[in-house]
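Asks: Using only what follows, build the 3D model:
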Amino acid sequence: MASFIPIRRIVLVPTCILVFTADLYFLQFIFNLLSGKVTATLLYAVITLSFAGIIYELSIITAKTIDNLKYQESNNHINRWQHSLRSAIKLKWHPLIMLLVFYIFTLSFTK
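Replies: The predicted structure is shown next:
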């Protein structure tokens, strides 16, 4: 069980923060929808979907890393853990970067 501590530090803690932030944007989306603000409603809908995409990507990375760790031996554990994490992130970093840039752009647009 000690082998899963680095995964919790890297992936699960930021995911909790992202879920909390996504919930706030979702509540703002509902408020704008009920008050009839079309532009703000669309903007917060896109932000909420961006956070949902980031959370989904992080959960896939976590699941793949944990699956890879289950069947590995303890003698070469650190190298294999780093390799499995890199291989899981390798295919996912393009959408994550795009979502992050879009999120920063949207925040700068709203302020």
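Asks: Poorly predicted segments of the protein, please.
Replies: Per-residue confidence of the chain (counting by pLDDT under 70) places the weak regions at 1-24, 55, 57-96, 107-111.
Asks: Please tell me how far residue 101 sits from residue 56.
Replies: When Cβ to Cβ, to the nearest Å is the yardstick, residue 101 and residue 56 sit 18 Å from each other. Quick note: C-beta positions are derived from backbone N, CA and C, even for glycine.
Asks: quick one: which helix or strand includes residue 49?
Replies: Residue 49 is part of helix 38-70, with elements assigned from DSSP states H and E.
Asks: Over to residue 99?
Replies: When elements are defined using DSSP H and E, residue 99 is found to belong to helix 93-110.
Asks: burial count for residue 31?
Replies: The number of residues packed around residue 31, counting by other Cβ atoms under 10 Å, is 13.
Asks: Please disregard the earlier target; I meant residue 25.
Replies: Applying other Cβ under 10 Å, I find that residue 25 has 21 neighbouring residues.
Asks: Enumerate every residue touching it.
Replies: The neighbourhood of residue 25, defined by Cβ atoms under 8 Å, 6 or more residues apart in numbering, consists of 44, 47, 48, 51.
Asks: Could you do residue 26 as well?
Replies: 44, 48.
Asks: go again using 7 Å as the cut-off
Replies: The neighbours of residue 26, taking Cβ atoms under 7 Å, 6 or more residues apart in numbering as the test, are residue 48.
Asks: Give me the distance between it and residue 100.
Replies: With distances taken as Cβ to Cβ, residue 26 is found 19 Å from residue 100.
Asks: Please apply the same query to residue 35.
Replies: With the distance defined as Cβ to Cβ, residue 35 ends up 29 Å from residue 100.
Asks: Of those two, which one has the most company?
Replies: The residue with more neighbours, out of residue 35 and residue 100 and counting by other Cβ under 10 Å, is residue 100; that gives 12 against 9.
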